[in-house]
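Trainee: This is a predicted model, with the sequence first.
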Amino acid sequence: MFESIAEWFELAGETDVGLAGAVLRRESKETEADEETIRRRVSEALAVMRAAVDEGMAIDEPSPSGLTGGRARRLGAAGPELLGPTFTTVLARAIATLEVNARMGLIMATPTAGAAGVVPAVLLTLQESRGWSEDQLIDGMLVAGGVGAVIAERASISGAGGGCQAETGSAAAMAAAAVTWLEGGTREQVAHAIGLTLQGMLGLICDPVAGLVEIPCVYRNATGAVHALAAAEMALAGLDFPIPVDEVIDVMGEVGRKMDVRFRETALGGLATTPTGQKIAAAAGMDRLVQLQRRGRTDGESSARIGPS
Amino acid sequence: MTTGLFDILGPRMIGPSSSHTAGACRLGYVVQAIIGGIPEKARIGLHGSFAMTGEGHGTRKAIVGGLLGYQPDDIRIRDSFAHAAEAGLEFEFHEVDLGEDAHPNGTLFEVTLGDDTMRVKGCSIGGGRIRVREIDGFPVDLKGTQPTIVVLADDVPGTVSKITGIIAERGLNLATVRVDREGRGERALMTIETDGELPDDLFVNLHDRSWVHWIRNVHRLNA
């Protein structure tokens, strides 16, 4: 797609097609698919996202592991709405998609299955509250896709590659950029929104309890969505982030590469190896995992890659 | 190939894990495409992380679903064991050690369909992407992202040109061609990636040639 946010934004400025238009052109050129076909596929992706959100909001039983299920519904029904209904809905919907994912439901991995809750929660909810048309939403998805593609090239979008900062962090940066663009932000403001999101998530580890994409993942998606909203709000108000966005992305990649393997989706550290995390793993029938965790802890270092991505 | 838009906005998949569910399903799918249908028997070895954490990610259900011809977004994956019984697919899983160099999400398939038995090694490398590394002892590097012709033939002169010639007649470019043989004049396995899909019956007359053991048209995986 693009090697840097700078390259993409420069191109969009020169050609006057806008950020979404530049993504569309580049994707069309690289895949030989016409722009209409690409927009239709994005629209189909949105339909899957909507269905997953609706399915997740209605779940009232535990996932097969028992770790998640029903939390989105509870929040949606009983949220105190401290910051108004939109905020609560965003949180509930982020959890909803991950709860669908946990019970082998159909989701769009955007950019991954483990971070699939963030983009739909933010964009679908703000479409309702801000009145974006479906075409505008597709533009927003194109911008989000462009951001994810640059991060995938320069850093990482997977928990195994760079921890949770790379997975939900990327999803949040994608959502923040889309919101800022759709709310009329300039290219500079979109860049700041990405930087502001990532600075808040730098260093976040990936430590799934029992190796399952459930705890803390459902909550990390909700808080990732919050980061996206906070960054868009600040960027749209004209707040800048002094470190250029591509440098922020690069540092996220560097932190990910230097992150101990125990904190990169192996379930060998973090919340996964707390006493309770290990008990949950044993109860979920992941005894082999518990043994490995113990070994990983005594060895001090383990290259075993035993988690999902 | 750089990251494309739909690598980020997708894949559309049954959860919970792109590597342990979507990738696992694709491995099964490609194996059934290579043997040429839903196998009657499948013995599947799970290596590393697949053996360790696969249970909670539906890895086994996803692999069996793939063997039944399902792609990663097929909800039938959830109940694939029941569907396998209906389809006459007998399967069993075991843990296997494919060695330290093997990818942690590794698989070894031993599948039977009619008189054919095949051993296929593959792995799920993240984000739903897969690699088939070995077919019946021949090293391959099959990604499933391009339409691929897989041929086992005797190593007689002109084999490659005969097959690539048929593809060229359809006006399609070849993306990669890979040939590995057991030894001079013995059997050779060819994988040919093309830029576009070929009709399934294109090579039908080649089945009669004594030097072709089998030939398969492996379609591009859904994005």
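Mentor: Cool, the structure landed. Numbers count the residues shown, from 1 in each chain, chains lettered A, B, ... in the order given.
Trainee: just the strands in the chain please.
Mentor: Using chain A. In chain A, the segments counted as strands under DSSP state E are A:106-108.
Trainee: not quite, I wanted chain B
Mentor: Under DSSP E, chain B gives strands at B:12-14, B:41-48, B:90-95, B:105-113, B:116-126, B:129-135, B:138-142, B:148-154, B:174-181, B:187-194, B:212-218.
Trainee: Pull the residues that contact the second one.
Mentor: What that stands for is strand B:41-48. Strand B:41-48 is contacted by residues A:304-306, B:31, B:54, B:59-60, B:63-64, B:67, B:89-98, B:102-112 when judged by C-beta atoms under 8 Å, 6 or more residues apart in numbering or on different chains. (C-beta placed from N, C-alpha, C; glycine too.)
Trainee: Kindly report the same for the fourth one.
Mentor: The contact list for strand B:105-113, computed with C-beta under 8 Å, 6+ apart, reads B:19-20, B:23-24, B:27-28, B:31-32, B:35-50, B:63, B:67, B:96, B:98, B:117-125.
Trainee: circling back to that earlier point, if any of the contacts of strand B:41-48 are buried, give me the ChimeraX selection for them.
Mentor: To isolate the buried subset of the contacts of strand B:41-48 in ChimeraX, counting by 16 or more other C-beta atoms under 10 Å in any protein chain shown, use the following:
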select /A:304,305,306 /B:31,54,59,60,63,64,67,89,91,93,96,98,102,103,104,105,106,107,108,109,110,111
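Trainee: Quick one: closest of the strands of chain B to A:Ala94.
Mentor: Proximity to A:Ala94 (C-beta to C-beta) singles out strand B:12-14 among the strands of chain B, at 18.1 Å.
Trainee: List the strands paired with the closest one, with their directions.
Mentor: If you go by DSSP bridges, strand B:12-14 pairs up with strand A:106-108 (antiparallel).
Trainee: Could you list which residues are in contact with the closest residue to B:Asp116 other than its chain neighbours?
Mentor: Leaving aside its sequence neighbours, B:Asp116 sits nearest to B:Ile35 (C-beta to C-beta, 6 or more residues apart in numbering or on different chains; 6.1 Å). Neighbouring residues of B:Ile35 by C-beta under 8 Å, 6+ apart: B:Val111, B:Leu113, B:Asp116, B:Met118, B:Arg216.
Trainee: So for chain B, the centremost residue is which one?
Mentor: B:Val30 (2.6 Å; C-alpha atoms, centre = their mean).
Trainee: ok, now how distant is it from B:Thr145?
Mentor: Going from B:Val30 to B:Thr145 by C-beta to C-beta, to the nearest Å gives 11 Å.
Trainee: how deep is B:Asn217 tucked in, by neighbour count?
Mentor: 18 (other C-beta atoms under 10 Å in any protein chain shown).
Trainee: Who are the contact partners of it?
Mentor: Under the criterion of C-beta under 8 Å, 6+ apart, the neighbours of B:Asn217 are B:Pro147, B:Ile149, B:Leu198, B:Pro199, B:Asp200, B:Leu202, B:Phe203.
Trainee: burial count for the third one?
Mentor: Here the neighbour count serves as a burial measure; for B:Leu198 (other C-beta under 10 Å) it reads 18.
Trainee: Cool, thanks, signing off.
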